[in-house]
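1. 3D, please:
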Amino acid sequence: MKPMGTIPAHFAADDAGRLIIGSEDVETLAACAGNTPLFVYDFALIKARIARFRAAFPDSLALHYAIKANPMPALLTAIAPLVDGLDVASSGEMALALTSGGRHISFAGPGKRDRELEAAIVAGVTLNLESEGEAHRALTIADRLGTAPKLAVRVNPDFDLRGSGMRMGGGAKPFGVDADRAAALVKSLIAAGADWRGFHIFAGSQALDAEAIATTQGQTLDLAASLADAIGAVPPLVNLGGGFGIPYFPKDIPVDLERVGEALAARLNGLPACLTMTRFAIELGRYLVGEAGVYLTRIIDRKISHGEVFLVTDGGLHHQLAASGNFGTVVRRNYPVAIASRFADAPEEVVSIVGCLCTPLDRLGDMVNIPRAEVGDLVAVFMAGAYGRSASPSGFLGHPEPPELLVNA
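-> Model prediction:
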């Protein structure tokens, strides 16, 4: 038997013992979708997470949603009025953001093509520049259009977020302009007549250590102040990045959000003169939506091989790459899973839950202890609200796209 992550406490069973998501049982949701597998997102949980963030951080701090975590159009439309900005990483995400009613849109990511730069400039979207070359191309396009582009500079800091699942700063990186070159680039943007919008400084993601996050935010503020002094101008906005993680795996402890908020408030109350007129933002994706999502897949076969039980489902890594352990983790660990049709039942047997793909990598639960399950039962994979459908190889082997349902919106 191998351990799995903890099922979020807000999920419960109905009188029949079936998992409820929002106010509906899983069989009703599957019938509503018309097919399995499917994703279900409980927007009430997302609203509660946003409210908790607002309560923990200063009122002056803006909250941006990173669309890459979950770009479902209905979710974007629902979340846009509750946040202060939307951060995108492609022209496709930008198009979704523009139709969602978002108030402030910024566009980050290396490798922006000229047509994407032009579309952003025409739409009034802030471009987070990733290099001097990208800056030159944006200025050239803006000059042809006869407009002043909104340009921020993404800075590659000399530090990273300790304990983060994915380090985005420190050392050679494809993201952002190295810190020692950022001031010179900003000066050239201002001299060219661009509408300089500030800095985007993102050091890492999926961190659970509140002290590490607070330390990195302090280093980010120090870097922003140093750059502002070198430029001789006040940055209108400093996006402090995000990186707040969620507890996917055994022994993961949720981030102490209130501790992070307390530490940042103290720093913002003692800013140097060069940043006193600057606005600040936190950019979050998975922290807002990850725990609100459940992936439901139905058991289509129960088989025994060399004494081991395998529950074969109609879903798999083509929809849930991260839960299968194939999305950047070095050692495969189990996401929290459950037999959704028997959610109230006690564990009874050790099984492996596998998908329908012709690869041994397609494993959603490895030797997990669960209630006995039969063909036709539904399996729930939790922590599925972020980097699920859109981050998985849905075209692999030609299986259909899974439907998505947003409840409590």
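2. Could you list the low-pLDDT ranges of the chain?
-> Residues of the chain meeting the criterion pLDDT under 70: 160-175.
3. again, 50 this time
-> Counting by pLDDT under 50, the ranges of the chain that qualify are 164-165.
4. just the helices in it please.
-> 26-33, 43-56, 73-79, 91-100, 114-123, 132-145, 179-191, 210-231, 257-268, 286-289 (DSSP state H).
5. closest to R197 out of those helices?
-> Of all the helices of the chain, helix 179-191 sits nearest to R197, with 9.6 Å by CB to CB. From N, CA and C alone the C-beta is placed, and that goes for glycine too.
6. ok, and what's touching the closest one?
-> Contacts of helix 179-191 from elsewhere in the structure, counted by CB atoms under 8 Å, 6 or more residues apart in numbering, are 129, 132, 135, 139, 151, 153, 155-158, 177, 196, 199, 223, 227, 230-231, 233.
7. returning to what we had before: mean neighbour count, the helices of the chain: which tops it?
-> Sort the helices of the chain by mean neighbour count, taking mean count of other CB atoms under 10 Å, and helix 286-289 sits at the top with a mean of 27.
8. hang on, the earlier thing: same list (the helices of the chain) but as CSV, adding distance to Y387.
-> Shown next, in CSV, are the helices of the chain (distance: least, CB to CB, whole Å):
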stretch, distance to Y387
helix 26-33, 20
helix 43-56, 15
helix 73-79, 14
helix 91-100, 14
helix 114-123, 22
helix 132-145, 25
helix 179-191, 28
helix 210-231, 19
helix 257-268, 20
helix 286-289, 7
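9. Compare those helices and give me the one nearest G355.
-> Of all the helices of the chain, helix 26-33 sits nearest to G355, with 16.9 Å by CB to CB.
10. Just the CA trace of that closest one, in PDB.
-> This file holds the C-alpha atoms of helix 26-33, laid out as PDB (Å, rounded to 0.1, in the frame of the first residue of the first chain):
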ATOM      1  CA  VAL A  26     -21.700  12.600  -8.800                       C
ATOM      2  CA  GLU A  27     -24.100  10.400 -10.700                       C
ATOM      3  CA  THR A  28     -26.400  13.400 -11.400                       C
ATOM      4  CA  LEU A  29     -23.400  15.400 -12.500                       C
ATOM      5  CA  ALA A  30     -22.200  12.600 -14.900                       C
ATOM      6  CA  ALA A  31     -25.700  12.400 -16.300                       C
ATOM      7  CA  CYS A  32     -25.800  16.200 -16.800                       C
ATOM      8  CA  ALA A  33     -22.500  16.100 -18.600                       C
END
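11. what about the helices of the chain, which gets the closest to V407?
-> Among the helices of the chain, helix 43-56 comes nearest to V407, with 6.7 Å by CB to CB.
12. How far away from the center of its chain is that closest one?
-> Relative to its chain's centre, helix 43-56 lies at 15 Å (CA atoms, centre = their mean, to the nearest Å).
13. Who are the packing partners of it?
-> Applying 3 or more CB pairs under 8 Å, 6 or more residues apart in numbering; DSSP states H and E, we find helix 43-56 packed against strand 62-66, helix 73-79, helix 257-268, helix 286-289, strand 404-407.
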